[in-house]
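Visitor: predicted model follows, preceded by the sequence.
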There are 2 protein chains.
Amino acid sequence: MTRSRPTMSDVARSAGVSLKTVSRVVNGEGAVRAETAAAVNDAIRSLGFRRNEAARTLRSRERSRMVGLVIKDLANPFYSAIARGVEEVMRDRNELVIAGSSDEDQARERELTLLLCERRVDGLLIVPTGELHRYLLPELDVGMHVVFIDRPPGDIEADLVLLDNVGGAHSAVDHLVARGHRRVAMVGDDMAIYTARERWRGFCDALVDAGCEVDETLVRVGVHDAVTAERVVHELLALAEPPTAIFAGNNRIAAGAVRAVAAARAATELVSFDDLELADVLSVPVSAVSYDPADLGRRAAELLCRRLDGDASPPQRVVLPTRLVDRLPLAAAA
Amino acid sequence: MTRSRPTMSDVARSAGVSLKTVSRVVNGEGAVRAETAAAVNDAIRSLGFRRNEAARTLRSRERSRMVGLVIKDLANPFYSAIARGVEEVMRDRNELVIAGSSDEDQARERELTLLLCERRVDGLLIVPTGELHRYLLPELDVGMHVVFIDRPPGDIEADLVLLDNVGGAHSAVDHLVARGHRRVAMVGDDMAIYTARERWRGFCDALVDAGCEVDETLVRVGVHDAVTAERVVHELLALAEPPTAIFAGNNRIAAGAVRAVAAARAATELVSFDDLELADVLSVPVSAVSYDPADLGRRAAELLCRRLDGDASPPQRVVLPTRLVDRLPLAAAA
DNA sequence: TTGAAAGCGCTAACAT
DNA sequence: ATGTTAGCGCTTTCAA
C-alpha cells in the first residue's frame, strides 16, 4: 500500500527537531548547524518528503508561479507554437504553464479562464473567442493580469499582441498584382473572426490601391476547414471567368486550395496567409505571408512579465510584422 | 489602484454573516435561507470574490485536479497532438493540464517533473528522455501516479502507452519489398532514442524476413533534424550503388528526404514513419506509417484516470497499432 | 438554519 | 542556532 505524503511535521518528528528547523533546511536559510541539517536531510530522504508548494504559496503570499494559457486548439501547430513561445519566456522565471483549448467556444473559454483564476495563476494569456470579456473585469480589478494574443478582446481594454493582418494580406495581393494578376480571389474564414476580417480588409485595400475592383464573385468567406476550402476553390476554378490567382486566408484554407489546384492541374497561383510545412516541395508552388507564431507567444509572455514586475502603464498593443516568402516561379502569369 | 483579493471572511463581513455561511453558499450546500444566500451572493458580486482553489484543496484534502504533462516539445505537432489527446480526456473530469517541454534534456525533464510534484498534480504523463527515472520512486511510493508515453522509462516499472514501432517499420519495408525493392536504405534518429532503436529493429527484421541482407552502407542513424537528413539522403543518392527506396525513421527525417529526392529528381521511393501534412500533394510521393498521435495522449490519460479511480493492478503496457498509407504510384520500381 | 473553533501544510514574526 | 506562536483562505467538526 502507498504511504500517505509526509509533511514537514513528519520530517521534524523523524529528525527530532522542530518544524521551523525543517523549514529552514528546506529553504536553505542557513542558520542551521551542519549536523542538524544532515539529520533533517536524512529524514527528508527516508520519508520521501517534498514540500507542498500550494501550502507554501498560501502562507507566504507569494505568487503561484503558474500562468494560464487559453488558445483555440493545443493540437493546431499555430497555437502550439504560441504555447511554446510562452513557455520559453516563463521557464526563465520558473513559471509553469497551464494550457487549455477553447475550441472557438466562448463558454468554454470563459469556463477555462475562471478555473485558472480560481487556481490563482499569476496571469492569463488568451487567444480570445468572441466579443464578451466583461466577465474578466472583476478579476482585472483585483489584480489579475491578462494579455490577449492574436485577436483583441471585445469589450474591455487590455494588453494585446497581434499580427499585422492587414499589412500581410496587402503584401500578398501586391505580390500577385506585381506578377500581372488582375483577377485575384480570396478564400477566408468566418467574418466573425477578427483575423479573417482584417485579412479581408488588407485584401480589398490592396486591390483598390492597385486600381483593380473587388469582384464579389471571387470572394468566399466563412470557410472553416481544409475540406470546405478545397470544394470552394474547385468552384472558383470552374467559374466562366475563373481567378488567375487565389489568396488563402489561413493555412487550413491554403491546404485545401493546394489540393484543389493540384487536382485541377490549374495554373492558378496561390498565396497563403500562414506558411505551410514543406511548402518548398509541394507539387503546386505557394507563396506565403510568413511569421513566427512563437513570437506572438513570446511577446505576450514578456508583456505579462512586465506587468507582474509592476509595470502599471496603460494597456499596450504590439503589432508584429509579417514577411512575404515568394515561391512562385519566375515566369509571370497573366 | 487594484484592490487586494477579497476572501470569504471579507464576504462574510460584508454580508453580515459568518464565514461558514459564505462557504455554504459558495459550495451550494443548501441549508441556507434564501434571503441569507441572496445577501451573500450580492456581497460576492460586489467584492468580486472568487474562491481560492489552492486553499480549498489544502484543507479538504481533495485532489488538485491538475495533471502534469512532460513532452519533448510543445511546438512539435506530434507532441502537441498528444497534449490535445490528454486534454480531451481530462476535460471531462474537470482537470487542467500543466504542460512543459523537456527538449530531450534529462535534467530539464526531472526538474519539470519535480516542480509538478511540488504543485501536487494528481498524476504525471511523461514522454521520457533517457533512462534514469529512479528519482520518481519516492513519489510513486507516496501515491503519485505516472504514465509514460511513447517510450518506456529506464529503470522503473510503470504504466506505459507505446506505438507498435517494430510492426510499423516492418510494414514500411514490406511495402517497399512488395514493390520490388531490394536495396532499401534507412535514415534514423539517434539510437539512444527508444523509438529509433525499435524502428531500426523492425527495418532489419523485415529485410531478413524478406530474404534480403541489411546493407550497412545503406543504414544511417543519429540523424536529428531535417537539414541533416537532407544531406544524408543526398549522400545515399550519390553512392555508386544507390538505394532504390528509403525508409525515413520519423517526420523530420522524411521532410529532409523529400527535399533531397526532389532536388535530385531521383526516382527513389520513400516511406516515412509518421505521416506528413499535405503528403498527398508533395512533388515526391511518400507512403507513410500512420497513426493518430492524439490517441497516445488519450490512452495514457485514460490509464491515469483509472489509477486515480483506485485501480491498483500491476503496471500496464498498451501498444497502439499503426497503419500503412500507400501513396506510391501503381507502376512498381525496381 | 447558523456559527465558533480547529486545522490542512506551510512561513512570518517573534522569541529564546 | 533553534523553537513557539500565529495565521494564509478555506473546510471540517461540532455546537447552538
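Guide: Thanks, I have the structure now.
Visitor: which parts of chain A are helices?
Guide: Secondary structure of chain A (DSSP state H): helices at A:8-15, A:19-26, A:34-47, A:53-60, A:77-91, A:106-118, A:137-141, A:165-178, A:194-209, A:226-237, A:251-264, A:293-308.
Visitor: what's the fourth one in contact with?
Guide: Helix A:53-60 is contacted by residues A:62-65, A:120, B:52, B:54-55, B:57-58, B:64, B:118-120 when judged by CB atoms under 8 Å, 6 or more residues apart in numbering or on different chains. All C-beta atoms are positioned from the backbone trio N, CA, C, and that covers glycine.
Visitor: hmm, 7 Å instead?
Guide: For helix A:53-60, the surrounding residues in contact (CB atoms under 7 Å, 6 or more residues apart in numbering or on different chains) are A:64, B:54-55, B:57-58, B:118-120.
Visitor: one more: the shortest one?
Guide: If you take CB under 7 Å, 6+ apart as the criterion, helix A:137-141 is touched by A:117, A:146, A:156, B:2-3, B:48.
Visitor: what distance do you get for A:Asp150 to A:Leu163?
Guide: From A:Asp150 over to A:Leu163 the distance is 7 Å, taken as CB to CB, to the nearest Å.
Visitor: which neighbours do the two share?
Guide: A:Leu296.
Visitor: before we move on, the earlier item: let's have the helices of chain A in JSON lines, adding distance to B:Arg179 and mean neighbour count.
Guide: Listed next are the helices of chain A as JSON lines, based on distance: least, CB to CB, whole Å; neighbours: other CB atoms under 10 Å in any protein chain shown:
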{"stretch": "helix A:8-15", "distance to B:Arg179": "65", "mean neighbour count": "19"}
{"stretch": "helix A:19-26", "distance to B:Arg179": "63", "mean neighbour count": "19"}
{"stretch": "helix A:34-47", "distance to B:Arg179": "59", "mean neighbour count": "16"}
{"stretch": "helix A:53-60", "distance to B:Arg179": "56", "mean neighbour count": "16"}
{"stretch": "helix A:77-91", "distance to B:Arg179": "32", "mean neighbour count": "23"}
{"stretch": "helix A:106-118", "distance to B:Arg179": "47", "mean neighbour count": "19"}
{"stretch": "helix A:137-141", "distance to B:Arg179": "60", "mean neighbour count": "16"}
{"stretch": "helix A:165-178", "distance to B:Arg179": "41", "mean neighbour count": "22"}
{"stretch": "helix A:194-209", "distance to B:Arg179": "44", "mean neighbour count": "20"}
{"stretch": "helix A:226-237", "distance to B:Arg179": "29", "mean neighbour count": "20"}
{"stretch": "helix A:251-264", "distance to B:Arg179": "23", "mean neighbour count": "24"}
{"stretch": "helix A:293-308", "distance to B:Arg179": "39", "mean neighbour count": "22"}
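Visitor: B:Gly249: which of those helices is closest?
Guide: Among those, helix A:77-91 comes nearest to B:Gly249, with 21.0 Å by CB to CB.
Visitor: now the helices of chain A as TSV including mean pLDDT?
Guide: Formatted as TSV, those follow (pLDDT from 0 to 100):
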stretch	mean pLDDT
helix A:8-15	97
helix A:19-26	97
helix A:34-47	96
helix A:53-60	98
helix A:77-91	97
helix A:106-118	97
helix A:137-141	96
helix A:165-178	98
helix A:194-209	98
helix A:226-237	98
helix A:251-264	97
helix A:293-308	98
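Visitor: got a markdown table for the ones you listed, with distance to DNA strand D too?
Guide: Output for those, formatted as a markdown table (distance: least, CB to the nearest atom of the strand, whole Å):
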| stretch | distance to DNA strand D |
| --- | --- |
| helix A:8-15 | 7 |
| helix A:19-26 | 3 |
| helix A:34-47 | 4 |
| helix A:53-60 | 3 |
| helix A:77-91 | 24 |
| helix A:106-118 | 9 |
| helix A:137-141 | 14 |
| helix A:165-178 | 40 |
| helix A:194-209 | 35 |
| helix A:226-237 | 45 |
| helix A:251-264 | 42 |
| helix A:293-308 | 18 |
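Visitor: dump these into CSV; add distance to B:Leu19 as well.
Guide: Below are the helices of chain A laid out as CSV (distance: least, CB to CB, whole Å):
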stretch, distance to B:Leu19
helix A:8-15, 25
helix A:19-26, 26
helix A:34-47, 34
helix A:53-60, 16
helix A:77-91, 35
helix A:106-118, 18
helix A:137-141, 21
helix A:165-178, 50
helix A:194-209, 44
helix A:226-237, 55
helix A:251-264, 52
helix A:293-308, 30
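Visitor: figure out which of those helices is closest to B:Ala262.
Guide: helix A:251-264 (15.0 Å).
Visitor: residue contacts, A:Ile98?
Guide: A:66, A:68-69, A:116, A:121, B:96-98.
Visitor: wait, which of those is closest to DNA strand C?
Guide: Nearest to DNA strand C among those, counting by CB to the nearest atom of the strand, is A:Met66 at 16.8 Å.
Visitor: phi first, then psi, for the closest residue to A:Thr2 other than its chain neighbours.
Guide: With sequence-adjacent residues excluded and distances taken as CB to CB, 6 or more residues apart in numbering or on different chains, A:Thr2 is closest to B:Gly143, at 4.1 Å. Backbone dihedrals for B:Gly143, given as degrees, to the nearest 10, come out at phi 100, psi 10.
Visitor: so how far is DNA strand D from B:Gly143?
Guide: Here the criterion is CB to the nearest atom of the strand, to the nearest Å. By it, B:Gly143 lies 19 Å from DNA strand D.
Visitor: separation between that residue and B:Pro77?
Guide: Per CB to CB, B:Gly143 is found 34 Å from B:Pro77.
Visitor: same deal with A:Gly30?
Guide: From A:Gly30 across to B:Pro77, the span is 47 Å (CB to CB).
Visitor: again with A:Pro128
Guide: Separation of A:Pro128 from B:Pro77 (CB to CB): 24 Å.
Visitor: now A:Val70
Guide: Distance of A:Val70 to B:Pro77, computed by CB to CB: 20 Å.
Visitor: okay, now the closest residue to A:Pro153 other than its chain neighbours: neighbour count?
Guide: Of all residues not flanking A:Pro153 in the chain, A:His133 sits nearest, at 4.1 Å (CB to CB, 6+ apart). Per other CB atoms under 10 Å in any protein chain shown, the neighbour tally for A:His133 reads 24.
Visitor: same check, this time on the one 3 residues further on
Guide: Around A:Leu136 sit 22 other residues, with neighbours defined as other CB under 10 Å.
Visitor: now it: how far from B:Ile253?
Guide: From A:Leu136 over to B:Ile253 the distance is 45 Å, taken as CB to CB.
Visitor: got a pLDDT number for A:Gly154?
Guide: Note on A:Gly154: pLDDT of 88.
Visitor: what about it, neighbour count?
Guide: There are 14 residues near A:Gly154, going by other CB under 10 Å.
Visitor: so it touches A:His133, yeah?
Guide: Yes: under the criterion of CB atoms under 7 Å, A:Gly154 makes contact with A:His133 at 5.5 Å.
Visitor: okay, and the common contacts of the two?
Guide: With contacts defined as CB under 7 Å, 6+ apart, no residue is shared by A:Gly154 and A:His133.
Visitor: for A:Ala245, see how far away A:Arg182 is.
Guide: Going from A:Arg182 to A:Ala245 by CB to CB gives 9 Å.
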